[in-house]
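In: sequence first, then the predicted structure, then my questions.
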Amino acid sequence: MLIHYAKFSNKCIFAFMNKIQIQQIHSLLDTPKKVVVVGHQNPDGDAIGSCLALAKTLKKLGHNAHVIMPNAHPKFLQWMPGSDEILHYEKDHKEIDALLAEVDIVFTLDFNSLSRIGGLQQPLEKLIEKEIPFIMIDHHQSPDDYALVTYSDTEMSSTAQMVYHFIETMDWLSLMDADIASCIYTGILTDTGSFKYRNTTATTHRVAAELLEAGAVNWNISNNLFDTNSEDRLKLLSTALGNLVVLKDYNAAYITLSQAELDAHHFQKGDTEGFVNYALSIENVNLALIFIENANEKIIKISLRSKGDFSVNELARDHFNGGGHNNAAGGRSTMSLEDTVAYFKKILEDYKKELTNE
Ligand code: 5GP
Ligand code: MN
């Protein structure tokens with residue numbers, strides 16, 4: 001069940017084509033309800049921003065809303081209004097189990113498969129068995145079919161932008177305040193690379209303008225997100241760039257970081273955010289990956305980025321147990337760092353034509 005929107009002239013009026021579904025959500029929420037808003041594993045700015053913005057709006061409507069996530073977010077997102085109230089299943093599982101035992105409605109934001117929520121997968125699957133209504137809002141490709149209402153739009157810059165359109169369509173915009181606007185703005189900013197990526201549209205900018213008028217302080221949010229580097233992080237970046245390998249014949253590049261290298265620079269969650277973009281910024285490079293060892297989870301976490309039509313979503317799905325978008329995706333490998341890189345180089349041969357347009 002997809003909710004669609006329509007565009008009119010130069011102004012985008014977002015309307016659910018299916019009025020029954022809007023009605024369905026309105027009637028689900030017509031009396032105070034117990035709601036949980038769920039974000040994905042290793043939540044990023046879009047996941048946190050979307051969840052906090054929606055939960056705050058629902059609270060203003062009189063609902064009892066909590067944001068829950070599988071694990072904690074990085075320090076550079078801790079300034080976000082309400083982020084200290086997010087419950088993490090890794091440490092708050094008792095509180096979360098208690099909430100889920102009584103929940104009326106579940107929103108899942110910024111992911112589209114329950115395999116993306118770590119330890120929360122099983123408890124949420126149980127809720128589906130109990131026929132608790134789920135509402136999905138997400139912009140990744142190939143959504144799974146677990147929700148009563150699936151609002152899926154892969155053209156959208158961010159789930160945060162979708163939350164804005166959702167609030168607009170539900171006629172809740174009068175509830176917008178500076179905190180909600182800041183959360184949505186953060187999601188848009190992080191997922192568009194500060195309005196640089198191809199997913200940024202005229203509508204994205206119009207929404208951003210509305211958010212500034214509602215009280216989001218753009219320069220302050222950018223400063224909080226991007227100008228809070230630690231010395232350790234910059235030195236880790238130096239190590240990462242030292243490990244950069246450019247595969248000229250394939251228009252590809254990759255970076256590796258071993259657990260020992262992370263440890264040497266006192267790695268904190270979030271420190272490697274954006275490193276892969278340096279590899280992608282090289283002239284003629286159409287595909288860039290970063291392989292990051294995680295000894296604790298016994299995996300190699302992989303971030304994939306591309307320019308143009310090359311789909312890293314498909315590459316991540318086909319080879320690295322992951323997915324995402326055409327130009328930005330993630331995945332993992334259970335092989336060693338060396339074997340993972342060797343495997344990548346082997347399969348790269350199959351993509352040579354596509355990457356080099358030969
Ligand atoms: P990142 O490389 O920044 O972790 O993620 C890039 C994009 O891919 C994000 O939209 C993220 O949600 C998605 N993504 C990251 N890791 C995974 C994964 O393991 N599986 C899937 N399906 N998507 C992922
Ligand atoms: Mn997103």
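Out: Arrived safely, thanks for sending. Numbering: from 1, shown residues only. Ligands and ions are numbered 1, 2, ... in the order given.
In: looking at this protein, what residue ends up closest to ligand 2?
Out: The chain approaches ligand 2 most closely through D46 (3.4 Å), counting by CB to the ion. Quick note: C-beta positions are derived from backbone N, CA and C, even for glycine.
In: can you pull the contacts of that residue?
Out: 110, 158-160, 187-188, 190-191 (CB atoms under 8 Å, 6 or more residues apart in numbering).
In: please apply the same query to R305.
Out: Neighbouring residues of R305 by CB under 8 Å, 6+ apart: 276-277, 279-280, 287-289, 312, 327-328.
In: could you redo the last one with a cut-off of 6 Å?
Out: Residues in contact with R305 (CB atoms under 6 Å, 6 or more residues apart in numbering) are 276, 280, 288, 328.
In: ditto for L173
Out: Contacts of L173 were listed using CB under 6 Å, 6+ apart, and they are I167.
In: for it, phi and psi?
Out: The phi/psi pair for L173 (degrees, to the nearest 10) reads phi -60, psi -20.
In: ok, now F134?
Out: When read as degrees, to the nearest 10, the backbone of F134 gives phi -110, psi 140.
In: that one bridge partners, please.
Out: Beta-bridge partners recorded for F134 (DSSP bridges): V106.
In: that one and V106 touch, don't they?
Out: Yes: using CB atoms under 6 Å, F134 is in contact with V106, at 4.8 Å.
In: so those two - more neighbours on which side?
Out: V106 (22 against 19; other CB atoms under 10 Å).
In: stretch 155-167 and ligand 1 in contact?
Out: No: no part of stretch 155-167 sits close enough to ligand 1 to count as contact by CB under 6 Å from any ligand atom; the gap is at least 9.1 Å.
In: can you give me the strands in the chain?
Out: With DSSP state E as the criterion, the chain has strands at 34-38, 64-69, 87-88, 105-109, 134-138, 149-152, 245-247, 252-257, 287-294, 299-306, 323-324, 328-333.
In: where is the longest helix in the protein?
Out: Determined from DSSP state H, the single longest helix within the chain is helix 337-356.
In: residues contacting H139?
Out: H139 touches 153-154, 156, 159, counting by CB under 6 Å, 6+ apart.
In: confidence score at it?
Out: With respect to pLDDT, H139 scores 95.
In: so what's L337 scoring on pLDDT?
Out: Listed pLDDT for L337 reads 98.
In: hmm, it is touching E293, no?
Out: Yes: between L337 and E293 there is a contact at 5.0 Å, judged by CB under 6 Å.
In: neighbour count winner among those two?
Out: Comparing L337 with E293 by other CB under 10 Å, the one with more neighbours is E293, at 20 against 16.
In: from A240, how far out is the more buried one?
Out: Look at E293 and A240: by CB to CB, to the nearest Å, they are 12 Å apart.
In: then S311?
Out: Taking CB to CB as the measure, S311 falls 25 Å from A240.
In: swap in K75?
Out: Using CB to CB, one gets 19 Å for the distance from K75 to A240.
In: and these two? Which one has more around it.
Out: Each of K75 and A240 has its neighbours counted (other CB under 10 Å); A240 has more, 23 against 13.
In: which residues are common contacts for L337 and E293?
Out: Residues touching both L337 and E293 (CB under 6 Å, 6+ apart) are 258, 300.
In: hang on, T108 packs against M136?
Out: Yes: with contact defined as CB under 6 Å, T108 reaches M136; the gap is 5.0 Å.
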